[in-house]
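Asks: A predicted structure for the sequence below; I have some questions about it.
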Amino acid sequence: MCGIIGYVGQQKAVDVVIEGLRRLEYRGYDSAGVAVVAGNEVQVRRRAGKLANLEKLLAEQPLPLSTFGMGHTRWATHGAPTDRNAHPHMDEAAQVAVVHNGIIENFASLRAQLEDGGVMLASDTDTEVVSHLLAQAFDGDLAEAMRAVCRRLEGAFTLVAIHAAQPDVVVGARRNSPLVVGRGEGENFLGSDVSAFISHTRHAVELGQDQVVEIRPHQIVVTTFDGKPADVKEYEVDWDASAAEKGGYDYFMLKEIHEQPKAVADTLLGRIDDDGHLQLDEMRLSDEDLREIDKVVIIGCGTAYHSGLIAKYSIEHWTRIPVEVEVASEFRYRDPILGRHTLVIAISQSGETMDTLMAIRHAREQESRVLAICNVNGSTIPRESDAVVYTYAGPEIAVASTKAFLTQIVAVNLVALYLAQVRGTKWGDEIIRHIDELAAMPEAVDRVLDTVEPMRALARELVDAKAVLFLGRHVGYPVALEGALKLKELAYMHAEGFAAGELKHGPIALIEQDLPVVVIVPPRSRKVLHDKIVSNIQEIRARGARTIVIAEEGDDTVAPYADTLVPVPAVPTLLQPIVATVPLQVFACELASAKGYDVDQPRNLAKSVTVE
Ligand code: F6R
């Protein structure tokens, strides 16, 4: 949510900044802006809309040559997505420029104080107050001014600033919002995430909470908001720039859908130790702690929440520990019952989702143990958790989550099996057998991808449909929710997922002639579930629905009731979401593309939601 880049070095800053913004645009695309400092002057160009608009402006009004600069791509919170609200924001004397990600919660009182002091604000944003406060606090040292201002701010923020009177430095600060430093040779970078500078360096410095960083071409200095030297962690990014390119696909989403076999395989790599035991990345919880767990609570948002719903089935089945699943944004406000023996599992691709972050903080305040399932190394949620299981999906650029979802399903199964191992609810050989079943998933997903063309054709056929319903039972229910979410966010269509058995309690009234209904059929081995859903398909078909049936290969029993049959490989029930979701991702992607929508950057959305 909002992308930020800062640069100091020997290259033309505006080029480095624009390239970084292109990689960060998935974080928000309401406006874009760039600022450089040259000849003791700060100059800004900014424009509402996508980055292309800013590039056009820069072609008409080029910036002076400078090797110090910063940029921003916006997801609007305070103030409409207009030119005047686009970042960077400046003070009245145009000495300082600021970009910001997050929300400054006390901005109204700060704004009132500034206005009482005679300052004229030029935008509706919360960010602008920071530029005026920095200008007032500046006494020759921008980092010192930044620390003083940050101590007055409440809320979540990443800030990056430059000052005309100190043209050799770019200063950043963070509280509850992401900011990473890239260490280059004779050049350094700031970025909302490493993709901002990945084509220049893979050496990254992770900043902690409430820290200020000054970057110069040969120096990185990090302090706390009180000015004390701060501890930082350096690490190497384990993917390169090509991972953040489209690689010949029309959309990042399509590329990421096709990367799923590898993402699933990578998430499984190295999980069995020499003694044949399952091991996880950073399990900083002792076996004793895990044996004492008497309840698991899973939290996440959107797609991550759906993988949490799937996790409930595996964890309860293999460990017999009761599991609750909740959307993170609701969690802490209902005073949940938590304690030392509650394991809270936070699922987040980005590791920065504010609702999830606030939920885990609440859980830790109640002394619960927190385990993060996350895709971004070093992001805030895993850093603030007691244990981490990383999903190795690589960078997910498309706003709609695909490969992260599949790897989250793998990760929750690994966690379930790990708990079963530690608590002795499964024998070692059973665990290995389940790991082997997981190991067969990359090939199964590959097969789905090879046979998914009819789903594309169907999507093009249904381009004018008014609504689509999705039905599932057991783990097929979260898959139905995920299929509907993908269609809503990409094709802007009314789409709903239901538990198939719940349909008769109301939603069946929605069925009308030719309404497309996608049904996820459980494996035939689950006979009771399977028979029930076959009845459900007949019920909706009798009422005129057009049935699109996703069922395991060779399931002839459903064929007579399917207007379109989408076969997927036969896999164990708990793993069926891994194969059954893929056709739904392709369907949504193709339908959005057929409607002429921007698949990678759907309207109103941003990839990493760092506001509550
Ligand atoms: C949907 C989607 C969102 C995210 C949600 C959580 O395609 O991408 O629903 O899943 O915003 O994001 P993370 O996983 O980064 O916490």
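Replies: Ah, there it is. Residues are numbered from 1 along each chain as shown.

Asks: what sits against V323?
Replies: Contacts for V323 (CB atoms under 8 Å, 6 or more residues apart in numbering) come out as 295-298, 311-312, 315-316. The way it works is simple: take the backbone N, C-alpha and C, and place the C-beta from them, glycine included.

Asks: keep those, but drop any that are not near the ligand.
Replies: Applying CB under 6 Å from any ligand atom, the subset of these adjacent to the ligand is empty.

Asks: between these, which is closest to A542?
Replies: K312 (32.2 Å; CB to CB).

Asks: near the ligand, which residues of the protein are found?
Replies: So far as CB under 6 Å from any ligand atom goes, the chain lies against the ligand at 301-304, 348-350, 353, 356, 400-401, 485, 489, 608-609.

Asks: which ones among these are found in strands?
Replies: Counting by DSSP state E, the part of the residues of the chain next to the ligand found in strands is S348.

Asks: which of the residues of the chain next to the ligand fall within helices?
Replies: 302-304, 356, 485, 489 (DSSP state H).

Asks: test my guess that Y305 contacts V325.
Replies: Yes - with contacts counted by CB atoms under 8 Å, Y305 reaches V325, the gap being 7.1 Å.

Asks: next, show the common contact partners of the two.
Replies: What both Y305 and V325 touch, as defined by CB under 8 Å, 6+ apart, is the set I299.

Asks: pull the contacting residues for the residue in the chain that the ligand sits nearest to.
Replies: The ligand sits closest to G302 of the chain, with a gap of 1.8 Å, by CB to the nearest ligand atom. By CB under 8 Å, 6+ apart, the contact set of G302 is 401, 485.

Asks: likewise for S195?
Replies: Neighbours of S195 in contact, by CB under 8 Å, 6+ apart: 23-24, 244, 395, 397.

Asks: V213 now?
Replies: 171-173, 179, 181, 190, 207, 220-222.

Asks: mind doing that once more with 10 Å?
Replies: V213 makes contacts with 6, 143, 146, 160, 170-174, 179-181, 188, 190, 205, 207, 220-223, 230, 232, as judged by CB atoms under 10 Å, 6 or more residues apart in numbering.

Asks: measure it to V8 for me?
Replies: Distance check for V213 against V8: by CB to CB, to the nearest Å, it reads 11 Å.

Asks: and for those two, which residues touch both?
Replies: Counting by CB under 10 Å, 6+ apart, the residues touching both V213 and V8 are 170, 188, 190, 220.

Asks: how about TSV for the residues you listed, with neighbour count added?
Replies: Shown next, in TSV, are the shared contacts of V213 and V8 (neighbours: other CB atoms under 10 Å):
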residue	neighbour count
V170	28
N188	27
L190	29
I220	18
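
Asks: quick check: domain ranges of this protein?
Replies: Listed by automatic domain parsing, the domain ranges of the chain are 2-244, 252-439, 449-594.

Asks: of all these, which lies closest to D600?
Replies: Among the domains of the chain, the nearest to D600 by CB to CB is domain 252-439 (4.7 Å).

Asks: how far off centre is the closest one?
Replies: 15 Å (CA atoms, centre = their mean, to the nearest Å).

Asks: can you check the distance spanned by that domain, start to finish?
Replies: Its start and end residues considered, domain 252-439 measures 26 Å (CA to CA, to the nearest Å).

Asks: any low-confidence regions in the stretch 151-300 of the chain?
Replies: Of all residues in the stretch 151-300 of the chain, none has pLDDT under 70.

Asks: partner strands of the helix or strand of the chain with the lowest mean pLDDT and their direction?
Replies: Least confident helix or strand of the chain, by mean pLDDT, DSSP states H and E, is strand 282-283 with a mean of 78. Using DSSP bridges, the strands paired with strand 282-283 are strand 387-390 (antiparallel).

Asks: show me where the stretch 201-350 of the chain has strands.
Replies: 203-206, 211-216, 219-224, 233-236, 282-283, 295-300, 323-327, 342-348 (DSSP state E, counting those that start in this stretch).

Asks: can you tell which of those is closest to L54?
Replies: Between those, strand 211-216 lies closest to L54; by CB to CB that is 22.9 Å.

Asks: what angle separates the closest one from strand 219-224?
Replies: Angle of strand 211-216 versus strand 219-224, following axes from the mean of the first three to the mean of the last three CA atoms, to 10 degrees, is 170 degrees.

Asks: strand 211-216 pairs with which strands, and in what direction?
Replies: By DSSP bridges, strand 211-216 pairs with strand 170-175 (antiparallel), strand 219-224 (antiparallel).

Asks: looking at those strands, which is buried most?
Replies: strand 170-175 (a mean of 26; mean count of other CB atoms under 10 Å).

Asks: the helix or strand following it: partners in the sheet, and parallel or antiparallel?
Replies: Beyond strand 170-175 in the direction of the C-terminus, DSSP states H and E gives the next helix or strand as strand 180-183. Within its sheet, strand 180-183 is paired with strand 188-191 (antiparallel), strand 203-206 (antiparallel), according to DSSP bridges.

Asks: which outside residues touch strand 180-183?
Replies: Contacts of strand 180-183 (CB under 10 Å, 6+ apart): 5-7, 20, 158, 172, 174, 188-198, 200-207, 213, 215, 220, 222, 232, 234-235, 237, 376, 378-379.
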